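>>> Okay, sequence plus prediction incoming.
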Amino acid sequence: MPRVLIIDDQKDVRAMIAIVLRVNRFEVVEAESGAAGLKAFAESPFDAAIVDIFLGDTNGVDVITALRERAPALPVIAVSGMTALDFMDQSPHLANVACLQKPFRPNDLLQALRKARAAAGGEISAAV
């Protein structure tokens with residue numbers, strides 16, 4: 001069962017993403033801040049990460065950069081309700097990051113996860 005780390009400071013958004021992923025046979029770990037997400041990532045391996053760009057404690061781009069420094073091929077989805085996310089190609093650590101604009105539908109999330117996994121050079125699961 002693929003493990004996905006969700007880093008978002010909005011509890012309702014994390015819960016919605018977690019429900020969609022669990023229904024589709026993913027194991028999910030939720031983190032309410034960038035610091036909590038990086039701590040969870042350091043403690044156990046993940047197959048993908050979903051990171052909000054605007055977190056209360058830090059910038060999501062910095063979190064993605066830190067995740068990619070530790071795991072360069074990690075499939076990542078950047079989510080945001082505030083910006084077009086067109087700046088994501090400005091850093092080598094942000095290459096191949098799938099972007100998803102809030103609000104999004106469950107199917108959009110699953111497609112973004114597939115896209116992120118394919119961009120990282122792997123397949124996520126036939127269940128998706």
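Done, it's in.
>>> Which positions within the strand or helix carrying Gly37 qualify as buried?
Assigned by DSSP states H and E, Gly37 falls within helix 34-43. For helix 34-43, a neighbour-count test (16 or more other CB atoms under 10 Å) marks Gly34, Ala36, Gly37, Leu38, Ala40, Phe41 as buried. Where you see a C-beta, it was placed from the backbone N, CA and C, and this is true even at glycine.
>>> Who are the packing partners of the lowest-mean-pLDDT helix or strand in the chain?
Lowest by mean pLDDT, DSSP states H and E among the helices and strands of the chain is strand 98-101, with a mean of 86. Using 3 or more CB pairs under 8 Å, 6 or more residues apart in numbering; DSSP states H and E as the contact test, the elements touching strand 98-101 are strand 76-80, helix 106-119.
>>> Please tell me I have it right and Ile53 contacts Val61.
Yes: taking contacts as CB atoms under 8 Å, Ile53 lies within contact range of Val61: 6.4 Å.
>>> shared neighbours of these two, anything?
When CB atoms under 8 Å, 6 or more residues apart in numbering defines a contact, the residues bordering Ile53 and Val61 alike are Ala78.
>>> Quick check: bridge partners of the most centrally placed residue in the chain?
For the chain, Ile50 is the residue whose C-alpha lies nearest the centre (CA atoms, centre = their mean; 1.2 Å). Counting by DSSP bridges, Ile50 forms beta bridges with Ile6, Ile77.
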